[in-house]
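A.B. asks: Kindly generate the corresponding structure for this input.
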Amino acid sequence: MTDRQTAGDDVARVVDDGLVFDPHSADLTPERAYELYELLRTTCPVAHGEKYGGYWSLARYEDIKAVAADHQRFSSAGGVYVPAVSEHRFPPIDVDPPEHAAFRKLIAPLTSAAAAKQMEPAIQATVDRLIDGFIDGGRAELVEQMAIPLPLDVITQLYGLHPDQANDIRAYSLEFLEHASGSQGQDVITRVADYWMGVFQERRKHPGDDFISQLLAINFELEVPDEELANMMFILTYAGHDSTALGLGNMLLYLAEHPQVHGHLLEDERRIPTAIDEILRFNAPLQWFPRLATEDVTIGDKTVCAGERVMLLFGSANRDSDAFPDADSIVLDRKPNRHLSFGAGIHTCPGMPLAKAEIRIAVTSMLKRLPGFRLDGPAERTSPLEGGGRHLGVRHLPVTW
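C.D. replies: Numbers count the residues shown, from 1 in each chain. Have a look, this model is predicted:
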């Protein structure tokens, strides 16, 4: 038996009911996840599992992209976790048209490409301040000193929050990450919703030139209840900073492991966004999202019945060799790169322009100001996958230069 066959057998044993992706397996390391994805793509690309009320997992790029873009037959209203962790909705990520359009209108001032462009000077100032804080020491821990504080600072500026409130956002995000697979997740969500409703009350009394004030003004016509707005703020702040931190951490880890590519990227800075897209493809920060079938649909040779959950394995789609030549290798100048790390269809991540701007500015500044930065000890990945088996990133990244 080859080493690869042994690895495949080990991965297959992490589930109880056959070859299917189990997001809550304690053995779901990043390596095992990618090995399982390959087995699924080649042997069972539409697989059914009995746990958590039953669900289908899709492993191939074309199937996943098609389902993600088909919001009529595959609803997002079933929630974003398997199993569900809350009876509350988290708009706009788990609402369907026509309601979805109203929520996207609410967050448009935050999520447009123009808004991201307008934020670039503030992002650059934050990146420079963070680098100034550690550059003279010759060493840094880039998760705690760059990947996490950058998106948190951007969020607090956009929302007109006090800097100390960044600590609140990070604290409840970490607590939810720990309990996203269990019943305590509901308690976290309830407390966070109360937190944001308090912010709304304060902002109505003292409006400013910030996203929350704009949101409340736009909502004067839409009349979305505060409880739903609060749940939306939970998902915008939790996912909005942690997914960016995961993506930036993955990019910085690659650069720390491959200092020989720094010069190549700086030689023509237009190569940097292309390289970022490739790292996002290779290690998607968010590995899957579910949908709910609204009618019987045939996918491959299987029939998914109305009311059944479908798990879209974006992390697997991004490694599908039918969509990406040499899919298991990092090709820094890969074009085109139609990766699904931000999703597809109407639920494509609304924060994509801002996240890409943050990562690009941070990476460019790091390459220029810390030439040749490299690992200074072992890095620590999210292993097993966090956040209900969905989050893939870096939790400890020591570097020197």
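
A.B. asks: Now do the strands in this structure.
C.D. replies: 46-49, 55-58, 74-75, 139-141, 289-293, 297-299, 302-304, 309-312, 374-375, 380-381, 394-396, 398-400 (DSSP state E).

A.B. asks: I'd like to know which elements the longest one is packed against.
C.D. replies: Applying 3 or more Cβ pairs under 8 Å, 6 or more residues apart in numbering; DSSP states H and E, we find strand 289-293 packed against helix 61-69, strand 74-75, strand 309-312. Glycine gets a C-beta too; all of them are placed from N, C-alpha and C.

A.B. asks: Mind checking the ones you listed for the one nearest to residue 209?
C.D. replies: The closest of the helices and strands packed on strand 289-293 to residue 209 is helix 61-69. By Cβ to Cβ, the value is 35.4 Å.

A.B. asks: now the helices and strands packed on strand 289-293 as a markdown table including mean pLDDT and distance to residue 291?
C.D. replies: As requested, the helices and strands packed on strand 289-293 are exported to a markdown table (pLDDT from 0 to 100; distance: least, Cβ to Cβ, whole Å):
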| stretch | mean pLDDT | distance to residue 291 |
| --- | --- | --- |
| helix 61-69 | 98 | 6 |
| strand 74-75 | 98 | 4 |
| strand 309-312 | 97 | 5 |
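
A.B. asks: Deepest-packed of these, please.
C.D. replies: Stretch with highest mean neighbour count among those: strand 309-312 (a mean of 24; mean count of other Cβ atoms under 10 Å).

A.B. asks: ok, back up a step: dump the strands of the chain into JSON lines; add distance to residue 325 as well.
C.D. replies: Shown next, in JSON lines, are the strands of the chain (distance: least, Cβ to Cβ, whole Å):
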{"stretch": "strand 46-49", "distance to residue 325": "24"}
{"stretch": "strand 55-58", "distance to residue 325": "21"}
{"stretch": "strand 74-75", "distance to residue 325": "28"}
{"stretch": "strand 139-141", "distance to residue 325": "36"}
{"stretch": "strand 289-293", "distance to residue 325": "26"}
{"stretch": "strand 297-299", "distance to residue 325": "24"}
{"stretch": "strand 302-304", "distance to residue 325": "27"}
{"stretch": "strand 309-312", "distance to residue 325": "22"}
{"stretch": "strand 374-375", "distance to residue 325": "29"}
{"stretch": "strand 380-381", "distance to residue 325": "26"}
{"stretch": "strand 394-396", "distance to residue 325": "27"}
{"stretch": "strand 398-400", "distance to residue 325": "31"}
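
A.B. asks: Residue 177 is nearest to which of those strands?
C.D. replies: Checking the strands of the chain against residue 177 by Cβ to Cβ gives strand 394-396 as the closest, at 10.5 Å.

A.B. asks: mind listing what's buried in that closest one?
C.D. replies: Under the neighbour-count criterion of 16 or more other Cβ atoms under 10 Å, strand 394-396 has 394-395 buried.

A.B. asks: Name every strand pairing with it and say which way it goes.
C.D. replies: According to DSSP bridges, strand 394-396 forms sheet pairs with strand 380-381 (antiparallel).

A.B. asks: All the helices of the stretch 51-200 of the chain, residue numbers only.
C.D. replies: 61-69, 99-111, 113-134, 142, 149-159, 165-179, 184-205 (DSSP state H, counting those that start in this stretch).

A.B. asks: Rounded mean pLDDT for stretch 98-113, please.
C.D. replies: The average pLDDT for stretch 98-113 rounds to 89.
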